[in-house]
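Q: below are the sequence and a predicted model; questions follow.
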Amino acid sequence: MLEALKQEVYEANMQLPELGLVTFTWGNVSGIDREKGLFVIKPSGVDYDALKPEDLVVVNLKGEVVEGEMNPSSDTPTHTYLYNHFPNIGGIVHTHSPWAVSFAAAKMDISAMNTTHADTFFGDVPAADALTQEEIEADYEGNTGKTIVKTFNERGLDYEAVPAALVSQHGPFAWGPTPAKAVYNSKVLEVVAEEDFHTMELTHQSSELPQYLLDKHYYRKHGANAYYGQNNAHSKDHAARS
Ligand SMILES: O=C(CO)[C@@H](O)[C@@H](O)COP(=O)(O)O
């Protein structure tokens, strides 16, 4: 099912390594068929050079897999939440692109400092709080989509005017009317994050590291997969070891 959408989302996923936005298996792109209420997403832990359109996993808006042999991306709960709360988006991208992740880890917005930024993001790109250890351990729907939507609501931001957010200590999520546009926005975000950093360096506006960064964080103690669950790459390794 959804063969044409799978091809479109496959091509969008393949742009991530081409644009230097991902390393190894990190990152994922999804795209939605709003009429059918189904989206397709990259399977978890799969190398981009091994990915095929037919590998993409079909998921409904409850986050349930309706077609696919492999586990969907570990970020599927976040994509699901965003599709349910941002009704006009057609594609979502998550990466670990280094400059945007640096701002996310520092819990700093990527501010609108130049026209490169303003041509795509009509305002600062917000840094949303990461889930707290209590929320993760309570398995509070295990996704960061809630923190992104909460940040946009609290700050009165328009998700179509600012099609991206940073999740503190994780990384950027970008979206758009199509998967290809979401990839474009994801790349612009990485470019402007680097430009912001250099601007702050040049004008000495960099701030002190916040105390919370110096405290032990949940991921440092338990590793992300303790939270995200087993992805396909680790499953394969696990099978080989057992
Ligand atoms: O950060 C993490 C996992 O720690 C994920 O966002 C990233 O590795 C992508 O995971 P998937 O391969 O899509 O499950």
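A: Okay, I see it. Everything numeric in this text was worked out from a predicted model, so none of it was measured.
Q: where does the residue nearest the centre of the chain fall, phi/psi-wise?
A: The chain has H94 as the residue nearest its centroid, 2.5 Å off, counting by CA atoms, centre = their mean. Dihedral angles of H94 (phi, psi; degrees, to the nearest 10) stand at phi -120, psi 130.
Q: isn't A12 up against H94?
A: No - counting by CB atoms under 8 Å, A12 sits too far from H94 to count as a contact (12.0 Å). In short, each C-beta sits where N, CA and C put it, glycine included.
Q: show me what the lengthiest helix in the chain is packed up against.
A: The single longest helix within the chain, with elements called by DSSP state H, is helix 179-203. Helices and strands touching helix 179-203, by 3 or more CB pairs under 8 Å, 6 or more residues apart in numbering; DSSP states H and E, are helix 3-18, strand 28-33, strand 91-94, helix 98-105, helix 115-118, strand 164-167, strand 171-176.
Q: and of the ones you listed, who's closest to the ligand?
A: The ligand lies closest to strand 28-33 among these, at 3.9 Å (CB to the nearest ligand atom).
Q: so the residue nearest to F121 when sequence neighbours are not counted, which of the three states?
A: The shortest distance from F121 to any non-neighbouring residue, by CB to CB, 6 or more residues apart in numbering, is to V162 (5.2 Å). Classification of V162 by DSSP: H, G, I helix; E, B strand; the rest coil places it in coil.
Q: shaky segments in this protein?
A: Counting by pLDDT under 70, the chain has low-confidence residues at 136-142, 204-242.
Q: what about P17, distance to F24?
A: 9 Å (CB to CB, to the nearest Å).
Q: likewise A104?
A: A104 is 18 Å from F24, by CB to CB.
Q: tell me which of these two has more neighbours.
A: A104 (26 against 11; other CB atoms under 10 Å).
Q: M113 contacts F197, correct?
A: No - contact criterion CB under 8 Å: M113 and F197 do not qualify, at 10.2 Å.
Q: related to what we said a few turns ago, overlap in contacts, A12 and H94.
A: Shared contacts of A12 and H94 (CB atoms under 8 Å, 6 or more residues apart in numbering): V29.
Q: bridged to F173, which residues?
A: H94, A165 (DSSP bridges).
Q: ok, it touching I89?
A: No - F173 lies out of contact with I89 (CB under 8 Å); the separation is 10.6 Å.
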